[in-house]
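Trainee: need a 3D model of the sequence below.
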Amino acid sequence: MTTKKTKLTYSDSGVDIDEANQLIDNIKPIVRQTLNKNVLSNIGGFGALYELDINHYKKPVLVSGTDGVGTKIMLAKELSCFDQIGIDLVAMCVNDVITLGAKPLFFLDYFATSKLKVSEATNIIKGIAEGCLQSDIALIGGETAEMPGVYQSGDFDLAGFCVGVVDYEKIIDGQHIKPTDSIIGIESSGPHSNGYSLIRKIIEVNSINLQDKLDNRTLGEAIIQPTTIYAKAINHLQKTYEIHGMAHITGGGFKENIVRILPENINAEIDLNAWQQPEVFNWIQTVGNVDHEEMLRTFNCGIGYVLVVSNSDSKRVINKLAETGHNAFLIGEITTGKKEVRLNL
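Mentor: Next up, the predicted model:
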């Protein structure tokens, strides 16, 4: 006697192809708004084609970067801010690529989840597209993976990939940084996408209500604020001023990020009194009882991006950044030393 086997489908395993196809239909018009004449392929192909315009470059060099948004995803899920987390994803990649003087060209995303929810996924892609529009780049590809068993119910993760281009002779790698140069800090919108494991721990330990007010908004709104994208401002600035070095201030704060661009025998002296720490960081520090040194090694503390320019250009650079909508401050200077970043009160 034989036992009749149960007929199984892919859907029975937790993967719904129809839902994935619905998502593709939803995001096609969203993605199209980011495309430009350099994108040669249609949405949905096996690969994306991008024609590199080399007319403006003597020796074009491609610059690539990849990143995610860490555990900020957990707060985004709790607050249902799925569109904003997509902006973060683009920002974390683009802000890295531009530190080398590159113009970002295109972006790809990877979205993995336990069970695809089309409305949530659509909003995430909307955010990614918005980040691409803010960066003036094309969203030319992506991948959605439904993986029950790998991710727990309701969980998802994001990864992003950005490619830019810079002329070989215009690569900014810090080698021209010299004593007497000025260090300019550009304001952040908040914690950006770093330190969220600590933020979530503070919320948990203190039973925080994210609907509580902080200034003129809820605490949740302040904490989830998307990462600032600096691409357009920096690319605009490069047309007029010589930039000697740039750093994206992420996890590790000033010390671990600025040191990556310093030549040997050069120090960066940061004046921590040069700007006012935004209220959201004061809240983190006070409620979490986080000491000042821990704050500085975990968060950007109000400065999301750093430029090194000649002292003679510093005021004009700050004014130019203000014209593009970014508050910037003279936060330090370059001195001779031992390739150290020194934080001075």
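Trainee: from now on I want contacts and neighbour counts done on CA atoms only, so please keep to that.
Mentor: OK.
Trainee: would you mind giving the domain segments of this protein?
Mentor: Residue ranges for the structural domains of the chain, counted by automatic domain parsing, are given in the record as 11-170, 182-344.
Trainee: how about a markdown table for those domains, with mean pLDDT, mean neighbour count and distance to K5 added?
Mentor: Formatted as a markdown table, the entries for those read as follows, by pLDDT from 0 to 100; neighbours: other CA atoms under 10 Å; distance: least, CA to CA, whole Å:
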| stretch | mean pLDDT | mean neighbour count | distance to K5 |
| --- | --- | --- | --- |
| domain 11-170 | 93 | 19 | 14 |
| domain 182-344 | 97 | 18 | 46 |
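Trainee: any chance of those domains in JSON lines, with distance to H176 too?
Mentor: Supplementary listing: those in JSON lines, determined by distance: least, CA to CA, whole Å:
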{"stretch": "domain 11-170", "distance to H176": "11"}
{"stretch": "domain 182-344", "distance to H176": "5"}
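Trainee: tell me the contacts of G185?
Mentor: Contact criterion CA atoms under 8 Å, 6 or more residues apart in numbering gives 303-307, 328-331 as the residues in contact with G185.
Trainee: which pair of those residues spans the longest distance?
Mentor: By the measure CA to CA, G304 and L330 form the most distant pair in those, at 13.6 Å.
Trainee: determine the set of other helices and strands touching the biggest helix by length in the chain.
Mentor: The helix spanning the most residues in the chain, taking DSSP state H as the definition, is helix 118-135. For helix 118-135, the contact count by 3 or more CA pairs under 8 Å, 6 or more residues apart in numbering; DSSP states H and E identifies helix 17-32, helix 82-97, strand 138-146, helix 231-238 as packing neighbours.
Trainee: relative to E187, which of the ones you listed is closest?
Mentor: Taking those one by one with CA to CA, helix 231-238 is closest: 12.4 Å.
Trainee: nearest to E120, out of the helices and strands packed on helix 118-135?
Mentor: Comparing those against E120 with CA to CA, the closest turns out to be helix 82-97 (6.3 Å).
Trainee: nearest spatial neighbour of H292, chain-adjacent residues omitted?
Mentor: Setting aside the residues directly before and after it, H292 is nearest to Q285 in space (CA to CA, 6 or more residues apart in numbering), at 7.6 Å.
Trainee: what helix or strand is the one you found on?
Mentor: Remark: Q285 resides in helix 279-287, with elements defined by DSSP states H and E.
Trainee: okay but T66 is in contact with L158, surely?
Mentor: No - counting by CA atoms under 8 Å, no contact exists between T66 and L158, whose distance comes to 10.8 Å.
Trainee: OK, contacts around the nearest residue to A231 once chain neighbours are set aside?
Mentor: By the measure of CA to CA, 6+ apart, the closest residue to A231 outside its immediate chain neighbours is S135, 5.6 Å from it. Shown in contact with S135 (CA under 8 Å, 6+ apart): 94, 104, 229-232.
Trainee: same for the helix holding Q285, what does it pack against?
Mentor: Under the contact criterion of 3+ CA pairs under 8 Å, 6+ apart, helix 279-287 touches helix 196-205.
Trainee: list the contacts of the residue nearest to H292.
Mentor: Taking CA under 8 Å, 6+ apart, we find Q285 in contact with 291-292, 295.
Trainee: and I199, how far from N344?
Mentor: Separation of I199 from N344 (CA to CA, to the nearest Å) stands at 25 Å.
Trainee: kindly apply the preceding question to E19 instead.
Mentor: If you measure E19 against N344 using CA to CA, the figure is 54 Å.
Trainee: ok, K28 next?
Mentor: From K28 across to N344, the span is 50 Å (CA to CA).
Trainee: then D313?
Mentor: On the measure of CA to CA, D313 and N344 end up 23 Å apart.
Trainee: same check, this time on N311
Mentor: Here the criterion is CA to CA. By it, N311 lies 19 Å from N344.
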